[in-house]
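Visitor: Below are the sequence and a predicted model; questions follow.
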Amino acid sequence: MELREDIGPLRRRTVFLFLLVFAGLGLLHLRLVDLQLVHGAQWRDLAENNRLRRLPLPGPRGWIYDRRGEVLAENVPSWELLLFPDEAENLNATRLFLAQAGVTDAPTFNERIAVRRIGRMAPLVVGENLSWNQVAAIRSHQSDYPELTVVSRFRRHYPSGELTSHIIGHLQPVSREAIEADSRLEPDTMVGATGIEVAEESFISGRAGERWVMVSAVGRQLGVVSEIAPRAGHDVGLTLDIELQKAAAAALGDQSGAVVALDPRSGAVRVLYSAPSFDPSVFGGRLSRSDWLALQEDPLHPLQNRCLQGVYPPGSTIKPFLALGGLEEGLIDPNATVFCNGSVVLYGHRFRCWRRGGHGFVNLERSLAESCDVYFYLLGQRMGIEGMAKWLRRFGFGERTGIDLSFEVPGLIGTPEWSRQVRGTPWYPGEAVSVSIGQGPVLATAIQLARAFAFLANRGESVTPHLVAMPSATPTFETIDPDHLAMISNALTAVVHGPSGTARRFASLPMAGKTGTAQVVRLQEGVDADDLAPELRHHAWFVGWAPLDEPSLVVSVIVEHGGDGGSTAAPVAAQVVEAHLGQPVSPPDAQATPPPIRTPDNPQGAG
Amino acid sequence: MEQRIDPWLMLAVVGILGASLTTLHTVSRVVGSNLLLRQLLWGLVGILVLWLMSLVRLDIYERLAPVFYGFGLMTLVVVLFAGAARGGNKAWIAIGPVTIQPSEFARLATILLAAAWLAHRGGRNLRVSDVLIAAAIVAAPVLLIVLEPDLGVGLTYLPVLAAVLVLGGLPRWVWIMLVLLTVLGLHATWQYVLKPYQKDRVLTVFEPERDPFGAGYQVRQSKIAVGSGGTGGQGLGRGSQSQLRFLPAQHTDFAFAVWAEATGFVGGTVLLLAYALLLSRIGMVALTSDSRHGLILAVLIGAWLVFQVLVNLGMVLGWLPTTGVTLPLFSYGGSSLISTCAALGVVQSVWRHRLVNQ
């Protein structure tokens, strides 16, 4: 307990301290008078001339290379014109000026202004890829339009152009939803729209930085206030082989179609070419919109990636898989023969073989080598549609292959259930007969066939096609009798190397495969396929592998309206195989004996 | 005999908090609107803490002071090892969703201990050994805070020491010695302690145009913001300095500049008057208390708060270097707000129990 007398001096000192406090507060108030009342107008002028700008610094995207290190996507310097709309006194005048300078037209400009995002203090890109003359014109009027700034940035460029446009894809301005979801995204960011550009977006995209600069009333930069450096994205190496891609494009020429080639051992995609292709430079801008409308309306659909999205009846190319199913089910005796006289009547309807005169007695190997339809009509009838569908699914038909590109379609395996539920019409037994030769309600993509043939080339190991990295799923082994696989392989070798194989023109190449012809229209009696109008001609298929020993490339080719597979699709495949093997083109040699084939009975392949 | 809490002090607190929330609202487009909600929540918690602290009797504060002080030092040590770094300072401890800045709370513990010690000592002038004890009580937490390093918060401990010395009373020759030591200390600090960027901040006070985009940038932008407010202000949410982000740290250190830009001389004066009311009520509490301990507590707390007000406003108005000292009850920040409310709760406790010795 203290004495009251002790408090006296304390109170005196307290009073002293608090007098100091009020002196301090009074001084601050005088300062407020000075700043706000006396010099307020001056400071206000300064505030109005003070322009702080935030310049987004886009993070450079990673480059894309093929397996040989060829550049498929790069960044090249480009002049861009930025508009700070909040600083403009008269946007109409700015619009007029830009239209006169040829930088952007009025509708595009208006559209850019309409989508401006206020919250981020971000400038709008109103001009891209400016020429020197345009840059000079803008700079010379800089003081009239202080809200405009020319900056040097990067623009995406695809050196391989049309050759890889379906694979690499292109960029597009980031969507409004994405900006709202991620506060770190700059409104004018370009993000992947299709292809590898979108599939690898998270890996390849850079992180934007920003720079705050002080500018004068006429738009001159006075100083940098702060800066966060942008971060570049990662580079991506593809499994693609640009030389093979070139060979495929050259071989297809101006025909529409698709070529897929992959390494059957890993699933690494070497070729993925869809024709006709398009020039990727029409995309990738924020502004240009007119050029690619033409592409969208082109009747040949150049924007479609036929490798993944083009669905065609597989024709005879599915015969090896039905045969394998038949062998596994014990429905086929490989040595038993069927007599083909050119047609067979099933379910009261005459089904024709492609060879009018018939093939005579055919066993399994000849049925594939010469692609006898009657043999497979009868097999299909025995397997039934459910049996065929079951086996086709096991080889990946009717489902996406899982390649690391978007917009792949699954194709179709028609079944009675599908007919009821989707098509809404009853299933006709005769349709199963059509399915047995890959016609009717069965549709496949080039990449599905490439994957299915990789399974055969691998002797029963299935892979997932991929362009970037090995998928995490390990290859799966189907429990297929190796003897049966060898029979099919031998038969497909005979397609190229047998005396009457449908692709014997290419016997000089160590290649095996299967031709296929997919009807676009059902042939009327007495009409020859070659007489059809070009847009009604059959689609031509060839799917095969090379070399015969240790296959390292599976090639799948579809030529739209190409006629028959042996004469239009197989040459394309042959040219890709030649480029792959590094062999020169040599004329077909009638005397060539087929190279020995490895079978379980003859593991060394000794002749 | 229990008394009620002082309504004038509460009026000042609620008024300043209201202005603070208004300011946060006007800059929510720049700093995000969730800060406003958080500060509102902290404000409500703070007022609750204030009321609870006011219920505690002064002798309990006296008895528990060493415990609080020890605990405060411990958390300051913990934060050095386990603290979360924010902008280079390891000053925060994360507990679930909230991060706590122990240096804000350790200051109140230091005040409690210093007040208890001074009240216990009796009425005569301080001797040199007493000065050393008082300095040691304040220096221990300050050293730990400087290690974080958080110079701004460390500085706010110094007025506590100064107030202890003034209240305790010193012979004239000791005052002269202290002034000399301070001058020498400042010189040594300038020569050996301050980093170049800190020197730049000091120099720009004397030469505002030295480096308008570097060290002088913040102060210059702050002066432009305050000055352009003029008499009546540019209106809430309208000031170009804050809305266009010229002004840095506008919800924390420079929050007053946003307020002054929006509400002008009128609003600035009102806020200054609110602080004057707050501080004069603290002074009134000190002078009407019948207990030495109560008086000392109120004065030490008042000294700390007025120091922060003067240093922060001096910085915002371009008179003092930028130090990171916040404006109590006004700048955004939960730890600072709650520790300030807790301290004002102690002041209210002094008010409630002012007649306890009669």
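Guide: It's in. Residues are numbered from 1 along each chain as shown, chains lettered A, B, ... in the order given.
Visitor: going forward, measure contacts between C-alpha atoms and count neighbours the same way
Guide: Will do.
Visitor: Go ahead and flag the most central residue of the chain.
Guide: Picking chain A for this. Computing the C-alpha centroid of chain A and ranking residues by C-alpha atoms, centre = their mean puts A:Gly195 first, at 3.2 Å.
Visitor: The chain in question should be chain B.
Guide: Nearest to chain B centroid, counting by C-alpha atoms, centre = their mean: B:Gln308, 4.1 Å.
Visitor: which secondary structure elements does the strand or helix carrying that residue contact?
Guide: Using DSSP states H and E, B:Gln308 falls within helix B:292-316. Judged by 3 or more C-alpha pairs under 8 Å, 6 or more residues apart in numbering or on different chains; DSSP states H and E, helix B:292-316 is in contact with helix A:7-32, helix B:102-121, helix B:158-168, helix B:217-228, helix B:255-288, helix B:334-352.
Visitor: Also compute the angle for it relative to helix B:255-288, please.
Guide: With axes from the mean of the first three to the mean of the last three C-alpha atoms, to 10 degrees applied, the angle from helix B:292-316 to helix B:255-288 works out at 160 degrees.
Visitor: Distance across stretch A:54-71, terminal residue to terminal residue?
Guide: Stretch A:54-71 has an end-to-end distance of 33 Å (C-alpha to C-alpha, to the nearest Å).
Visitor: hmm, I was thinking of stretch B:51-63
Guide: Taking C-alpha to C-alpha, stretch B:51-63 runs 20 Å from one end to the other.
Visitor: contacting residues for residue 327?
Guide: Going with chain A. For A:Leu327, the contact set (C-alpha atoms under 8 Å, 6 or more residues apart in numbering or on different chains) comprises A:Asp333, A:Pro334, A:His484.
Visitor: that's the wrong chain, I meant chain B
Guide: B:Thr252, B:Asp253, B:Ala255, B:Phe256, B:Gln308, B:Val309, B:Asn312, B:Leu313.
Visitor: Nearest to chain A among those?
Guide: Of all those, chain A sits closest to B:Leu313, with 7.2 Å by C-alpha to the nearest C-alpha.
Visitor: That closest one against B:Phe256, yeah?
Guide: Yes - B:Leu313 is in contact with B:Phe256 according to C-alpha atoms under 8 Å; the separation is 7.4 Å.
Visitor: tell me which element A:Met214 falls in.
Guide: strand A:209-215.
Visitor: Note down every partner strand of that strand and its orientation.
Guide: strand A:51-57 (antiparallel), strand A:221-228 (antiparallel) (DSSP bridges).
Visitor: How about the residues of chain A by chain B?
Guide: A:1-2, A:4, A:6-7, A:10-11, A:13-15, A:18, A:21-22, A:24-25, A:28-29, A:31-33, A:35-37, A:39-48, A:52, A:119, A:223-225 (C-alpha under 8 Å from any C-alpha of the partner chain).
Visitor: Buried only: go through these for me.
Guide: A:7, A:10-11, A:13-15, A:18, A:21, A:24-25, A:28-29, A:31-33, A:35-37, A:40-41, A:43-44, A:46-47, A:52, A:224-225 (16 or more other C-alpha atoms under 10 Å in any protein chain shown).
Visitor: Show the average pLDDT along stretch A:508-517.
Guide: Mean pLDDT, stretch A:508-517: 92.
Visitor: Just the buried positions in that stretch, please.
Guide: A:Ser508, A:Leu509, A:Pro510, A:Met511, A:Ala512, A:Gly513, A:Lys514, A:Thr515, A:Gly516, A:Thr517.
Visitor: Report the beta-bridge partner residues of the last one.
Guide: Beta-bridge partners recorded for A:Thr517 (DSSP bridges): A:Ala540.
Visitor: which ones are touching it?
Guide: Contact analysis of A:Thr517 by C-alpha under 8 Å, 6+ apart lists A:Pro314, A:Gly315, A:Ser316, A:His538, A:His539, A:Ala540, A:Trp541, A:Gly563, A:Asp564, A:Gly565.
Visitor: my guess is the first one meets A:Val442, correct?
Guide: Yes - contact criterion C-alpha under 8 Å: A:Pro314 and A:Val442 qualify, at 7.3 Å.
Visitor: More neighbours: the two, which one.
Guide: Neighbour count, other C-alpha atoms under 10 Å in any protein chain shown: between A:Pro314 and A:Val442, A:Pro314 has more, with 30 against 27.
Visitor: Excluding residues flanking it in the chain, which one is nearest the more buried one?
Guide: Ranked by C-alpha to C-alpha, 6 or more residues apart in numbering or on different chains and with sequence neighbours excluded, the top spatial neighbour of A:Pro314 is A:Gly438, at 5.1 Å.
Visitor: if I look at the one you found, how far off is A:Asp333?
Guide: A:Gly438 is 22 Å from A:Asp333, by C-alpha to C-alpha.
Visitor: more crowded one of these two?
Guide: Between A:Gly438 and A:Asp333, counted using other C-alpha under 10 Å, the more crowded position is A:Gly438 (27 against 11).
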